[in-house]
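Colleague: need a 3D model of the sequence below.
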Amino acid sequence: MEVWEKIKSDLFLFLCVWAIGSALLSLFGYGLDSTDGDRRSGMSLHIDNRTGCHYLGGSGLTPRLDRNGRHICEGK
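Modeller: Got it, this is the predicted structure:
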């Protein structure tokens, strides 16, 4: 039983440190990129090496559009 109590206390300490660390990182915007607004979107930015066109990845790839609805491509 003593081992189980130690495991429970260590797990509780780990979860507390993880929660506080995550909250602090979110507070300072760590990990946000240009695909995010105020919160992390869970999407990733992919840029085609040949064309320079931007795509957003999540569950698939979709073209990244500017405010006028045009595909964002750095090579154009």
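Colleague: partners of the worst-scoring helix or strand of the chain on mean pLDDT in the sheet?
Modeller: Among the helices and strands of the chain, strand 44-47 carries the lowest confidence by mean pLDDT, DSSP states H and E, at a mean of 87. Strand 44-47 pairs in its sheet with strand 54-57 (antiparallel), by DSSP bridges.
Colleague: how about the helices in this protein?
Modeller: Assigned by DSSP state H, the chain shows helices spanning 2-27.
Colleague: just for it, where's the confidence low?
Modeller: Applying pLDDT under 70 to the chain flags residues 1, 29, 31-40, 76.
Colleague: could you give the backbone dihedrals for the closest residue in space to G58 that isn't next to it in sequence?
Modeller: Distance criterion C-beta to C-beta, 6 or more residues apart in numbering; nearest residue to G58, sequence neighbours excluded, is M43 at 4.6 Å. Bear in mind the C-beta positions are built from the backbone N, C-alpha and C, glycine included. The phi and psi values for M43, taken as degrees, to the nearest 10, are phi -100, psi 160.
Colleague: neighbours of M43, just the number please.
Modeller: Summarising burial for M43: neighbours were counted as other C-beta atoms under 10 Å, giving 16.
Colleague: and the gap between it and R70?
Modeller: 19 Å (C-beta to C-beta, to the nearest Å).
Colleague: same deal with R64?
Modeller: According to C-beta to C-beta, R64 and R70 sit 10 Å apart.
Colleague: more neighbours: which of these two?
Modeller: Between R64 and R70, counting by other C-beta under 10 Å, R64 is the more crowded of the two (19 against 10).
Colleague: OK, contacts around the residue lying closest to the more buried one once chain neighbours are set aside?
Modeller: Among residues not flanking R64 along the chain, H54 sits closest, at 3.8 Å (C-beta to C-beta, 6+ apart). When the contact criterion is C-beta atoms under 8 Å, 6 or more residues apart in numbering, the partners of H54 are 45-48, 63-64, 71-74.
Colleague: so which of the residues you listed is the most crowded?
Modeller: Greatest neighbour count in the contacts of H54, by other C-beta under 10 Å, goes to R64: 19 neighbours.
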